[in-house]
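[1] Kindly generate the corresponding structure for this input.
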Amino acid sequence: MSPRRLTSSQKRANQWRRWLEDIIPAMIVPYLSYIQETVSLRHANTPAIHHRTDGECAFEEIAIIACPCSPAPLQLLHRGLFPCTPLAPSLAVDLRLLEFVRLLFLRQSPNQTVWCDALETFLDGMKYKLRLKNSLRRHFSNAFHWYQVLTVLAQNHISTLVVGSWTDGARVDQPSDYLRSRCPLCFGGNDWRNGARDSLPMPDVIICIDACFTQKRSANPRGAAGSDPPNPTPSFFLPTDDVKAMEDFVERCRRDRRQARTSRAEPDEDGYEEGMRIPVSVLNGCGDSFIAADEKREKASTRFFTDTGLMALVCRHDHVLWIANLTSVGEKQHYALALLDRLFKHIPPQMTIRLLYDIGCQLERSCRKWNFMDDSILSRITFAVAVFHAYGHQWACQIVYHPRKREGFGLSDGEGCKQLWSFLKPLIPSLCISGFNQRLFVLDTQIRHLDSKSLQGFGHWLHRRWIHCQSKKHDALDRLHALELDENALRVEWKAQVDHQTQPTPRQSRNKAAEVITIILALEKTLQAQEASIHELEMQLLGVHVPNIGEVNLQLDKVNLEKMKKDIYLTVHLNARAIKTRIRDRLRQQKFELERLERSYRATVNAERKLHANTQHSIKRREPGILKLITTYNAPPSAVPPHIIPCDGVFQLDVDDDIWQDVGLDDDTLNPPAWLSDDTVRNGIRLQLEVDRCNEEEARLMWERAVIQEWMLAEWDSTQTALHTAVADPVMSFHLRSRADELVNICVIWKKKVQNIPCAWPMTASWGPSDEALVQAAYNQARSSFQGEDDDESLEGDREGDCESDLEYGEIEDEELMDAIEEIALADEYRDTADSRAGHFCEHEPDARQEEQWLRT
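    Below you'll find the model as predicted:
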C-alpha cells in the first residue's frame, strides 16, 4: 500500500513547523556571528558563483552538500544568504537585499507582490528567465518573512542578556519589565513613588484608549475556516482567549445585575447613580450623542470582514502598551476592560492611573453600574474624556470629565491613538486581504519601528512640552494677576459652579409656568389653612371672636398668582434653558457631520467631492434653524437677561464659550452668585484652572526629566555588566558594544534637550557614559550634519543644484527641517537659563550660528 500523499495545506504546515522549531532557533547565534564578522553586513562575503548556460535559467547557482548536522539553511547563512525553504531550498537571497527590503517596507506600505514583479521585470531585461510564473514572489516572500522573524528574535536575544544583568530584587513592587521596555518616561524610573506629589493631585501614569474601524480584514472568499499559523515573535496584541473571557465576564455581570434590578421601579425624576457625579439625564444625553457609546451600532459589517478594527491602549507619550483585535460590529466595552485588566496585572497594587477615553463617562458608569471592576481597582482610576471629543458631551459632563477641568491630567489631551492610526494608515489596503497572524505580525513590526523612532525623540518631546507649558502658564498668570482676584475665592466659586451645574435637571414643558404657579397656589392654600388654625386657637384663648384681617390680602395674592399663570415673560424665562439645550444639541449634530469630511480618504476622488458637497449642503441647510433658535433665545429684552449668544463664532464650539453657561436661567437671578453674574470671576476661574493644569504638567515634566536620566543610568549599567559577563564571547561583545554606542548617541540628544528642565528630586550629574564618550558622539553627530556644506557652497554662481530641482512648485522642503528651525529659535530664547553644569559639554557642540548656517544650506 503506497503512502498517502500530503495535501498542499499539510505541506505548508509541516514547513512552518520546521522553520519554527528547528531552523530559526538554530540560526540565531550564527546570524549574530555573521553580523559580527561582516561588521553589520558592511563587508559581506561573496559566495563562489557558477553559471548555467542551458537557456532555461541563467541564475547563478551554488552547490552545497547538506546533512542533519549541517543543514542547508546554516550553510547558506555562513555565505551571507537566506534560504526560501527549510530543507531543500531552490532560491537563496542575499542578506543585504533582505535588510534593504525590510527597512524599505518599514517606511512605506509593504507590497511584496509589486516588489517581486518589478524585480522580475528587471531580471527579465537582463535575460534571466524563470521557469514558473510567480515563482519569485512565492519564494522571496517566504524567505523575507522568516528573515524578519530571525531579526526580531536576534534582537530579543541581546535584550535578554541586558535585562538578565539586573540584580535580584531590584524591581520589587515596581512596574513589570515589559512596561519598562514600552515607555521609559512612564515606567523607567528606579522607584515610581519618587517625587513630591503631596502638593499636587498627580497620578502615577496617564493613559488613553481609542478604537479604529479602518484597520479591517476581509473574510475569506473561499469560506475557509482555518488561518495561517502563529509567529514565534512577541506580540503587543491581547490573546484572543483573554478577550473572549472578558466578554463572557461582562455578559455574566450584566445578566446577574439585570435580574436583580427587575423588581426595582425606575424613578420618574432625574437623579444620580451610585458613585457618579453627574445626573442620569446627562449620562443618557452623552450616550445618545456618541456612536462609540452604542455597542450595537454597526461600524463594520461582520458579513464581509472577519476582523473589524483595532483598539489600542497607549501612554501619554503615544507609546503602545497593548492592542486588542476587534471582531464585533460595534465598540463594545469588554475590549477596553480587557486592556485595563492586562495593565493592572503589570503594575503595583498602589499605582494610580488617569484614563482618557472618548466616552470615559459611559465606561465609568458601566463599571459602577454592573460591577465590572473591584473597588480596589476602580478607586485607582480617574476617568476623563479626550479633548477632541469633549464638545460632544453635555456641559455638566464637560465640567467633570474634561481633562482641562479635572485635576491630575495636566496638559494631556488623550489623542495619542490618533497619531498611531495615522501612522498605520498606509497598511490598510494590504492588511485588508492578509491572513490573521500575518496581519498581527506586520502591525507588531510597524509598532516596533515606531518605538525605535520615538526613543531618540523623547528629549525633543520633553523640550517642546516644557517650553509650551511655561509659555502657557506665564500668559495665564499675567492675565490672572491683572484681574486682582483671590485664589481661594475663585476655587470656592468654581466648586459652587460645579455643584450647581451638576444638579439633576427638572423636566421641561410648555406649561412650565402654570406648573410652578400651581405649586405656589397649593402652598398658599396650605399656608392659609395653617394661619386659620392658628387664628382659631388664639381666639379660643382670648375667648373673643376677632375677624381674620389677613384674609383680604391672601385673596389678592391668589388673584395675582392666577394671572401669572398666563404671564408670557415668565413662561419664556422658564423655558429658556430648554431652548438653549436645543441649540447645544443642534451644534453637536453639526459638528459630528463635519467629522465625515475628515474620513473622506476612504472613498475615491469623485466620491470625496460628492460627499464634501452633500455634507456642506446639509450643514448650510441646518444653520438657519440654529440661528433662529438663537434669535428666539435672545428675545426677552428686559429684567436680568441671560448672556446674549452671538451668531458669529457660535459654530467654533469653544469649551469656555457662553453657549455652555446658563447665566440668568436659574431661580436665584435676584441674588446670583459671582460665578454666574460676574464676568471677571468667570474669567478668573478659567484662568485659574489653566494655571492649575500647567502646574500639574510642569510637575510631571520635572518627574519625567528625572526618570529619563534614571532609565539611562540603569540601561548603561546593565549593558556594561552584560559586557563584562560576555567578555570571552566576541560575538555577544560586539552586539553589546553596538547597543552601548546607541545609548551614547541617544544620551547626547537627551542631555542637550532637557538641560533646562529641573529634576523633581536631586540627581547626579552623570548620565552613565563618560564625558569623553559623549563629546566624541556629539562631534560625530555634528560632523555628519555639516559634511555636505562644502559641496553645496562649490556650486557656481546662480547655477541651480540638484537639491533644488527635486522640489515642485509650492512644496515645503522638509517638515522636520522646519521643526528644527523652530526648536533652535525656542532654544535661543531659553539659552540664558541653561544649566551651568552643562557648560563644559556645550563647549564641544556647534553654536547657534553654525546650526542656522547648516539649516539654510
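
[2] Name every sheet partner of the host helix or strand of I209 and say whether each one runs parallel or antiparallel.
    Element membership for I209, per DSSP states H and E: strand 205-212. Using DSSP bridges, the strands paired with strand 205-212 are strand 309-315 (antiparallel), strand 353-357 (parallel).

[3] elements contacting the following helix or strand past that strand?
    Later in the chain than strand 205-212, the nearest helix or strand by DSSP H and E is strand 217-218. With contacts taken as 3 or more CB pairs under 8 Å, 6 or more residues apart in numbering; DSSP states H and E, strand 217-218 sits against strand 305-307. (C-beta placed from N, C-alpha, C; glycine too.)

[4] What pairs with the strand it packs on, parallel or antiparallel?
    strand 217-218 (antiparallel).

[5] so what pLDDT did S301 get?
    Per-residue confidence (pLDDT) for S301: 71.

[6] what sits against it?
    For S301, the contacting residues are 308, 329, by CB atoms under 8 Å, 6 or more residues apart in numbering.

[7] And D413, by the same measure?
    Counted by CB under 8 Å, 6+ apart, D413 has contacts 356, 386-388, 403.

[8] Which of these lies at the shortest distance from Y178?
    L356 (21.8 Å; CB to CB).

[9] just checking, that closest one touches V205?
    No: contact criterion CB atoms under 8 Å: L356 and V205 do not qualify, at 11.7 Å.

[10] Which of the two has more residues huddled nearby?
    Each of L356 and V205 has its neighbours counted (other CB atoms under 10 Å); L356 has more, 28 against 21.

[11] which one is the more buried one nearest to, not counting chain neighbours?
    Leaving aside its chain neighbours, L356 sits nearest to G414 (2.8 Å; criterion: CB to CB, 6 or more residues apart in numbering).

[12] quick one: secondary structure of the one you found?
    coil (DSSP: H, G, I helix; E, B strand; the rest coil).

[13] correct me, but it touches P403?
    Yes: judged on CB under 8 Å, G414 makes contact with P403 at a distance of 6.4 Å.

[14] These two: which is more packed in?
    With neighbours defined as other CB under 10 Å, G414 and P403 compare such that G414 has more, 28 against 25.

[15] I'd like the contacts of D413 written out as TSV, with distance to A88 and pLDDT added.
    Shown next, in TSV, are those (distance: CB to CB, whole Å; pLDDT from 0 to 100):
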residue	distance to A88	pLDDT
L356	54	96
A386	55	93
V387	59	91
F388	56	86
P403	60	95
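
[16] any chance of these in CSV, with distance to L81 and secondary structure too?
    Output for these, formatted as CSV (distance: CB to CB, whole Å; DSSP: H, G, I helix; E, B strand; the rest coil):
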residue, distance to L81, secondary structure
L356, 49, strand
A386, 50, coil
V387, 52, helix
F388, 50, helix
P403, 54, coil
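
[17] if we can go back for a sec, which pLDDT value belongs to the residue nearest to L356?
    With respect to pLDDT, G414 has a value of 90.

[18] The closest residue to P349 other than its chain neighbours: which element?
    Leaving aside its sequence neighbours, P349 sits nearest to S376 (CB to CB, 6+ apart; 7.6 Å). S376 belongs to helix 375-378 when assigned by DSSP H and E.

[19] tell me the mean pLDDT over the very next helix or strand once past that helix?
    Using DSSP H and E, the next helix or strand after helix 375-378 towards the C-terminus is strand 381-384. For strand 381-384, mean pLDDT is 96.

[20] elements contacting the helix or strand that strand 381-384 is followed by?
    Moving toward the C-terminus from strand 381-384, the next helix or strand (DSSP H and E) is helix 395-401. Judged by 3+ CB pairs under 8 Å, 6+ apart, the packing partners of helix 395-401 are helix 280-289, helix 360-370, helix 487-501.

[21] for these, which one sits closest to S141?
    Counting by CB to CB, and looking across all of the helices and strands packed on helix 395-401, nearest comes helix 360-370 at 41.5 Å.

[22] Please list the residues outside that closest one that contact it.
    250, 253-254, 257, 273-276, 278, 283, 286-287, 290, 293, 333, 336-337, 355, 357, 372-373, 378, 381, 383-386, 393, 397, 400-401.

[23] Name the surrounding residues that touch the strand holding I209.
    Taking CB under 8 Å, 6+ apart as the rule, strand 205-212 contacts 186-187, 292, 309-316, 321, 326, 331, 335-336, 339-340, 343, 347, 351-358, 386, 409-410, 412, 414-418, 421, 424, 700.

[24] I'd like the contacts of D413 written out as CSV, with distance to T38 added.
    Output for these, formatted as CSV (distance: CB to CB, whole Å):
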residue, distance to T38
L356, 47
A386, 48
V387, 50
F388, 49
P403, 51
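
[25] Let me know the average pLDDT across the helix or strand containing I519.
    Applying DSSP H and E as the criterion places I519 in helix 512-542. The pLDDT scores in helix 512-542 average 70.

[26] Can you say which helix or strand has Q688 in it?
    helix 679-725.

[27] which of the residues in the helix or strand just after that helix are buried?
    Next helix or strand after helix 679-725 toward the C-terminus (DSSP H and E): helix 730-753. Neighbour counts using 16 or more other CB atoms under 10 Å place 731-736, 739-740, 743-753 of helix 730-753 among the buried residues.

[28] just stretch 493-503 next, same as before
    Neighbour counts over stretch 493-503 (16+ other CB under 10 Å) mark 493-494, 497-498, 501-502 as buried.

[29] how about these in JSON lines, adding distance to R686 and pLDDT?
    Formatted as JSON lines, the buried residues of stretch 493-503 follow (distance: CB to CB, whole Å; pLDDT from 0 to 100):
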{"residue": "E493", "distance to R686": "11", "pLDDT": "94"}
{"residue": "W494", "distance to R686": "9", "pLDDT": "95"}
{"residue": "Q497", "distance to R686": "11", "pLDDT": "92"}
{"residue": "V498", "distance to R686": "13", "pLDDT": "93"}
{"residue": "Q501", "distance to R686": "14", "pLDDT": "88"}
{"residue": "T502", "distance to R686": "18", "pLDDT": "91"}
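
[30] Include distance to A13 when you put those into JSON lines, please.
    Formatted as JSON lines, those follow (distance: CB to CB, whole Å):
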{"residue": "E493", "distance to A13": "70"}
{"residue": "W494", "distance to A13": "65"}
{"residue": "Q497", "distance to A13": "66"}
{"residue": "V498", "distance to A13": "62"}
{"residue": "Q501", "distance to A13": "63"}
{"residue": "T502", "distance to A13": "60"}
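
[31] Quickly list what's touching both of G414 and P403.
    356, 384-387.

[32] could you dump those residues to CSV with distance to E364?
    Listed next are the shared contacts of G414 and P403 as CSV, based on distance: CB to CB, whole Å:
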residue, distance to E364
L356, 12
A384, 10
V385, 10
A386, 14
V387, 18
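
[33] Closest one of those to R137?
    A386 (42.6 Å).

[34] residue ranges with poor pLDDT in the stretch 251-400 of the chain?
    Within the stretch 251-400 of the chain, the segments meeting pLDDT under 70 span 259-268, 291-300.
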